[in-house]
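> give the three-dimensional model of this entry:
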Amino acid sequence: MQVRVLLQSLYKIVGKKWITWNTFDSRSTDPLIIRREILSTRLYIILVLISLIILTTYASLSQQTETKTVLFPKQSVYKNLLKQYSNSLQCTCTKCSIPYEKFVKTIPSFHQVCSSDFISQEWIDFIFKADSTVIWPIDVRTSLSSMWQLIRIFCQNTKTTVLNALNQFNNSYLITSMLLSEEFLEAKVVATLNLLLRTISSNFIQSRTIIQRITQANELITGLLTNYIVVTDKFGLSQSSKPIFVSSEINISSHIGIIGNKYISKNSTIPCSCKNNGSCPLPGNLYLYNISEKFGIYDMNKIEINESVSGIIIDCLPVQMTLSSTLECFYNELCLNILLLSYSTKINISILNQSLITRFNPQTKIEYLINELFIENIFNQTNYTQYYSECLPNSCHYTYLNRFNWIYILTIFISLFGGITAILRIISPLIIQLFFFLKERFCLKQTQEMNQSQGIISNKY
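Numbering: from 1, shown residues only. Here you go, the predicted structure:
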């Protein structure tokens with residue numbers, strides 16, 4: 001009851017004040033001027049209230065960017081901040097350089113051929129026992145031992161190179177003044193490793209290519225007689241043979257000649273010369289009978305093939321054979337048994353395991369395996385907790401958008417409200433004056449029209 005009475009009293013006071021309130025009091029006694037001043041006051045108060053509502057609404061709904069700093073945050077705090085403010089969170093490390101070995105562990109895995117029995121000395125000695133004096137140079141067995149010796153060398157060299165490179169990587173430093181997120185850190189480690197391996201592979205390919213070109217340019221003769229053969233006049237050398245090199249000495253009646261091998265592919269009549277062409281690839285086959293050619297010309301249209309060895313490519317040099325061939329036969333038990341039966345002795349050896357997870361299929365060229373450094377995978381374990389403790393961030397800064405900030409609202413209100421009220425105080429009386437001016441004009445016009453209408457009616461009568 002008392003509250004109701006209080007409200008009624010307050011209503012009467014406000015109502016009375018509203019009727020008589022005059023902020024533009026000019027001390028005039030003219031009722032018309034006083035009336036206009038009171039109306040100007042009311043308009044002024046209404047406009048001020050409207051401006052206040054607009055300013056408050058704008059300041060409340062607008063978003064403000066705020067920045068906060070957390071000193072020496074724990075990893076759990078950092079993770080929570082990262083979830084909420086991933087786009088703006090930045091933390092500075094106390095250490096600008098951290099060795100990779102402090103938080104990264106790398107373990108390479110290589111193609112199974114590099115740990116297989118095929119690169120063992122026992123296997124290489126076994127396939128070396130073939131009698132090259134009666135075996136065709138185009139027979140797989142002629143160069144097979146050399147091929148596996150080269151594969152073993154490539155395996156050993158690439159393993160050593162990769163392990164040295166990873167050791168170099170572990171001793172290198174991650175240089176950054178900012179704390180990296182776990183995802184970004186892992187991506188950076190992987191990218192750094194990939195760049196390192198690509199560089200190693202490129203250097204490895206370049207070195208191998210230089211050696212190959214030097215070998216071909218100097219026309220080095222392989223002892224396997226796959227690119228050149230050495231003959232004498234007693235064993236087939238004739239004037240028509242046109243040997244590359246002839247040597248005669250006082251006490252030797254025979255001439256020694258070096259003739260470049262020529263190969264004619266199946267269904268072809270064009271000979272390929274190791275001297276002129278540099279490379280003459282042929283499918284790998286077994287010829288289970290003694291050699292009959294004496295002048296280094298091997299026509300595959302005439303030579304009978306006993307067995308084919310899948311994946312093996314015969315060429316002028318063992319290194320060319322190695323790079324062009326695949327390991328397909330050594331994944332296949334039937335193919336390997338056919339090859340083993342061509343030797344007079346026996347050996348127990350297992351085929352490559354085709355069920356192992358690998359990124360290389362059996363038809364992959366050995367050259368590609370070498371270019372990829374025989375790497376199947378590099379197990380990369382990045383310990384983010386260890387990295388965080390090494391970085392030891394001293395501060396984290398983040399920004400966020402905020403609404404209904406009363407400090408911001410009050411600041412806007414204070415900075416703008418004074419100017420707005422001053423402007424409204426000027427224009428409110430002008431608006432009232434304009435209103436009354438227009439009203440007087442309108443009333444005057446209506447009076448004139450009425451007088452004219454009455455004059456016209458009087459003249460009629």
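> SS state for Thr269?
Secondary structure state of Thr269, per DSSP: H, G, I helix; E, B strand; the rest coil, is coil.
> how many neighbours does it have?
Using other CB atoms under 10 Å, Thr269 has 8 other residues around it. To be clear about C-beta, it is placed using only N, CA and C from the backbone, and glycine gets the same treatment.
> show me the strands in the stretch 101-250 of the chain, by range?
For the stretch 101-250 of the chain, the strands defined by DSSP state E, counting those that start in this stretch occupy 104-110, 173-175, 228-232, 246-247.
> the first one: how far from the chain's middle?
A distance of 20 Å separates the C-alpha centroid of strand 104-110 from that of its chain, computed with CA atoms, centre = their mean, to the nearest Å.
> pairing partners for it, with directions?
Here strand 104-110 is paired, per DSSP bridges, with strand 375-382 (antiparallel).
> which residue is nearest the middle of this structure?
For the chain, Ala191 is the residue whose C-alpha lies nearest the centre (CA atoms, centre = their mean; 6.9 Å).
> need the helix or strand of this protein with the lowest average pLDDT.
strand 246-247 (a mean of 46; mean pLDDT, DSSP states H and E).
> okay if I get the strands of the stretch 101-250 of the chain as JSON lines plus distance to Thr345?
Below are the strands of the stretch 101-250 of the chain laid out as JSON lines (distance: least, CB to CB, whole Å):
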{"stretch": "strand 104-110", "distance to Thr345": "30"}
{"stretch": "strand 173-175", "distance to Thr345": "56"}
{"stretch": "strand 228-232", "distance to Thr345": "27"}
{"stretch": "strand 246-247", "distance to Thr345": "38"}
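> to Leu81, which of those strands lies closest?
Comparison of the strands of the stretch 101-250 of the chain against Leu81 by CB to CB identifies strand 173-175 as nearest, at 21.7 Å.
> who does that closest one pair with, and is each partner parallel or antiparallel?
Checking strand 173-175 against DSSP bridges gives partners strand 97-99 (antiparallel).
> contacts for stretch 352-365?
For stretch 352-365, contacts defined as CB atoms under 8 Å, 6 or more residues apart in numbering pick out 111-113, 116, 118, 311, 323-328, 330-332, 368-369, 372, 376-377.
> swap the cut-off to 10 Å and go again
Applying CB atoms under 10 Å, 6 or more residues apart in numbering, the external contacts of stretch 352-365 come out as 109, 111-113, 116-118, 310-311, 313, 322-332, 336, 366, 368-369, 371-372, 374-377.
> and it, how far out from the chain's middle?
So, by CA atoms, centre = their mean, the centroid of stretch 352-365 is 26 Å from its chain's centroid.
> with stretch 115-134 instead?
Offset of stretch 115-134 from its chain centre (CA atoms, centre = their mean): 43 Å.
> and the average pLDDT for that stretch is what?
Across stretch 115-134, the average pLDDT comes to 85.
> tell me how far the ends of that stretch are from each other?
33 Å (CA to CA, to the nearest Å).
> do stretch 258-271 as well
Start to finish, the residues bounding stretch 258-271 are 18 Å apart (CA to CA).
> ok now that stretch, how far from the chain's centre?
47 Å.
> may I see the buried residues of that stretch?
By 16 or more other CB atoms under 10 Å, the buried positions in stretch 258-271 come out as Ile258, Ile259, Gly260, Asn261, Lys262, Tyr263, Ile264, Ser265, Pro271.
> and what of stretch 179-197?
Buried, per 16+ other CB under 10 Å, within stretch 179-197: Leu179, Leu180, Ser181, Leu185, Glu186, Val189, Leu193, Leu196, Leu197.
> also stretch 155-170?
Quick answer for stretch 155-170 (16+ other CB under 10 Å): Cys155, Asn157, Thr158, Lys159, Thr161, Val162, Ala165, Leu166, Phe169.
> cool, stretch 429-443 as well?
Using 16+ other CB under 10 Å as the test for burial, stretch 429-443 gives Pro429, Ile432.
> so how far is that stretch from its chain's centroid?
Distance of stretch 429-443 from its chain centroid, counting by CA atoms, centre = their mean, is 74 Å.
> do stretch 76-92 as well
Centroid separation for stretch 76-92 versus its chain: 24 Å, with CA atoms, centre = their mean.
> any idea of the mean pLDDT in it?
90.
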